[in-house]
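In: Sequence plus the predicted model coming up.
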Amino acid sequence: MKSSIRRQYATIYVLFMMGIIALFIVVNNVYLERYYINKRLEAIDEAYNSIILAENSSGLESEEFVNELGEICLKYNIDICVMDVNSRMKYSSRYGGALLEGRLIHYILQGGPEEYIEVEEESDKYSVHRVYDMGGEYLELFARTENNISFLMRTPVETIEETAKLTNRFLLYIGGFGIIGGAVVIFFLSRRITEPILELNEISKRMVDFDFSAKYRTEGASNEIDALGKNMNRLSDSLERSIGELKSANIELKKDVERRDAIDRERREFLSNVSHELKTPIALIQGYAEGLRESVNDDAESRSFYCDVIIDESHRMNELVKRLLLLDNIETGGDEVKLERIDIVDFIRNYLHSAGILAQREGIDVKMQDYPPIFVWGDELLVENVFSNYFSNAVHYCEKEKYIEISLKEADNRVRISVFNTGNPIPETAIPHLFEKFYKVDKARTREYGGNGIGLSVVKAVMDMFGQKYGVENYNNGVAFWFELERG
């Protein structure tokens with residue numbers, strides 16, 4: 001990271017401290033001397049007021065006055081010399097001596113010092129001069145009271161410039177060490193702040209890529225970053241949940257679209273197949289009916305043949321419509337399934353007793369072993385529809401040895417009913433489509449025996465309703481269609 005928060009914190013601290021130190025140096029150079037002089041002037045002024053008060057109260061020769069002047073000298077580092085109207089010395093501080101006495105006489109006679117640097121303050125009461133004497137700078141206050149008492153106060157003024165330079169150098173040394181030490185401390189202490197921020201940054205990057213597994217781990221802290229991390233965790237959970245719901249909704253939407261497309265495709269195919277299946281019988285009925293009306297053939301045999309064709313085609317159309325209605329009723333759940341225990345062995349034998357004449361007429365031998373009663377669960381009418389479709393197909397496609405074998409096999413609480421007929425195997429490419437509506441392996445032969453491609457789709461709908469398995473198997477000498485029912 002080009003500019004981390006840790007470096008920014010350290011840089012801000014260094015710049016701030018450098019600014020503070022620079023400000024101190026400027027203030028020190030510009031205002032320190034003036035501040036110092038003002039403080040010394042305040043001390044002289046306070047000492048002046050104390051002398052005036054003492055003069056008015058106790059007199060210049062009293063012990064109280066002498067003691068008070070001594071305290072003032074010690075307190076403010078001031079030397080004082082006091083003379084009466086006759087130029088007699090009334091008080092001289094310990095370190096003043098003859099020097100202050102001579103300078104006081106010069107003030108009295110000349111009205112000011114021999115030489116001075118500048119006048120610091122001047123009023124009708126006193127004047128303060130800044131003088132250079134004996135290698136040093138001093139502030140001297142000269143005053144004369146209403147009683148003609150003269151006094152001179154003197155306080156040293158150290159070289160402020162040198163003091164300022166020393167102070168500035170000291171600030172630079174201390175400030176430099178402080179800046180370096182503080183920057184190092186901040187750089188390492190800021191790690192406690194930057195680490196959770198970097199962690200949040202990494203979590204946000206993973207969230208951009210829809211990875212919501214990373215969570216912010218709190219360490220017991222209770223600050224704004226910790227609150228942000230908890231909110232990030234809640235945001236991550238919310239986004240993960242919302243995106244999951246969105247994906248689920250998207251999947252369902254795709255399924256709905258696919259289902260709608262499939263339904264639409266099936267509807268078009270259904271209409272196309274129905275129209276195709278009805279077109280031929282309708283054309284035949286129309287043609288033969290018009291022939292009868294126009295008396296194409298006058299003999300009774302021809303008229304009988306025309307009528308038989310019309311009846312056969314009408315029967316074919318009626319059978320197609322009934323099967324379509326049955327299929328639609330099953331697929332839409334129009335009738336409730338009424339499951340009951342059925343002796344499937346007895347059920348098949350009864351069916352063969354009534355429908356076996358179809359096989360006998362075609363010279364087909366129907367075989368079935370002697371089975372004991374076997375009970376299954378099923379709807380008798382629907383089971384009959386399934387079995388009759390298998391049996392009628394077996395009759396129409398039976399060839400070669402010309403026999404149909406019906407077998408029952410029990411396994412895993414299921415009973416498999418199989419209808420085998422000798423003949424040609426079904427092409428492998430056709431097997432996946434056998435149970436689709438209107439699908440025909442051999443269209444010419446299907447038409448020959450009156451098939452319409454609906455029977456096996458009815459089988460599929462019934463078995464799907466039962467929730468049971470069904471299918472077809474090829475053998476070298478024929479084909480077996482089978483379905484399973486739950487043992488009763």
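Out: In hand now; what should we look at?
In: Just the buried positions in the helix or strand hosting N385, please.
Out: Counting by DSSP states H and E, the element that carries N385 is helix 380-397. By neighbour count with 16 or more other Cβ atoms under 10 Å, helix 380-397 contains the buried residues 382-387, 389-397. Where C-beta positions appear, they are placed from N, C-alpha and C, glycine not excepted.
In: Tell me which strands the very next helix or strand once past that helix pairs with, and in which orientation.
Out: Per DSSP H and E, helix 380-397 leads on to strand 403-411 as the next helix or strand towards the C-terminus. Strand pairing for strand 403-411, determined by DSSP bridges: strand 365-368 (parallel), strand 414-422 (antiparallel).
In: Give me the pLDDT for E277.
Out: E277 carries a pLDDT score of 56 in this model.
In: Quick check: which ranges of the stretch 301-450 of the chain have low pLDDT?
Out: Applying pLDDT under 70 to the stretch 301-450 of the chain picks out residues 303, 312-313, 315-337, 438, 440-450.
In: ok, which stretches of this protein are strands?
Out: 79-83, 89-92, 118-122, 126-133, 136-144, 150-157, 340-343, 365-368, 375-378, 403-411, 414-422, 470-475, 478-486 (DSSP state E).
In: export the ones you listed to JSON lines and tack on mean neighbour count and distance to L228?
Out: Shown next, in JSON lines, are those (neighbours: other Cβ atoms under 10 Å; distance: least, Cβ to Cβ, whole Å):
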{"stretch": "strand 79-83", "mean neighbour count": "24", "distance to L228": "69"}
{"stretch": "strand 89-92", "mean neighbour count": "18", "distance to L228": "76"}
{"stretch": "strand 118-122", "mean neighbour count": "13", "distance to L228": "62"}
{"stretch": "strand 126-133", "mean neighbour count": "19", "distance to L228": "63"}
{"stretch": "strand 136-144", "mean neighbour count": "19", "distance to L228": "62"}
{"stretch": "strand 150-157", "mean neighbour count": "22", "distance to L228": "60"}
{"stretch": "strand 340-343", "mean neighbour count": "14", "distance to L228": "68"}
{"stretch": "strand 365-368", "mean neighbour count": "14", "distance to L228": "80"}
{"stretch": "strand 375-378", "mean neighbour count": "20", "distance to L228": "63"}
{"stretch": "strand 403-411", "mean neighbour count": "16", "distance to L228": "64"}
{"stretch": "strand 414-422", "mean neighbour count": "21", "distance to L228": "62"}
{"stretch": "strand 470-475", "mean neighbour count": "16", "distance to L228": "61"}
{"stretch": "strand 478-486", "mean neighbour count": "20", "distance to L228": "61"}
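In: that older thread, what does the helix holding N385 rub up against?
Out: Residues from elsewhere that reach helix 380-397 (Cβ atoms under 8 Å, 6 or more residues apart in numbering): 326, 330, 337, 340, 342, 344, 347-348, 351, 355, 358-359, 362, 364, 404, 417, 419-421, 423-424, 445, 449, 451, 455-456, 458-459, 462-463, 465-466, 470, 479, 481, 483, 485.
In: How about stretch 83-100?
Out: Here stretch 83-100 has contacts from 60-61, 65-66, 69-70, 73, 78-82, 101, 104-105, 108, 147-152, 154, using Cβ under 8 Å, 6+ apart.
In: can I get the strands paired with strand 403-411 in TSV with distance to L32?
Out: Formatted as TSV, the strands paired with strand 403-411 follow (distance: least, Cβ to Cβ, whole Å):
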stretch	distance to L32
strand 365-368	127
strand 414-422	109
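In: Nearest approach to F170 belongs to which of these?
Out: When the strands paired with strand 403-411 are ranked by proximity to F170, the top entry is strand 414-422, at 102.4 Å, counting by Cβ to Cβ.
In: how much space is there between T145 and Y126?
Out: 10 Å (Cβ to Cβ, to the nearest Å).
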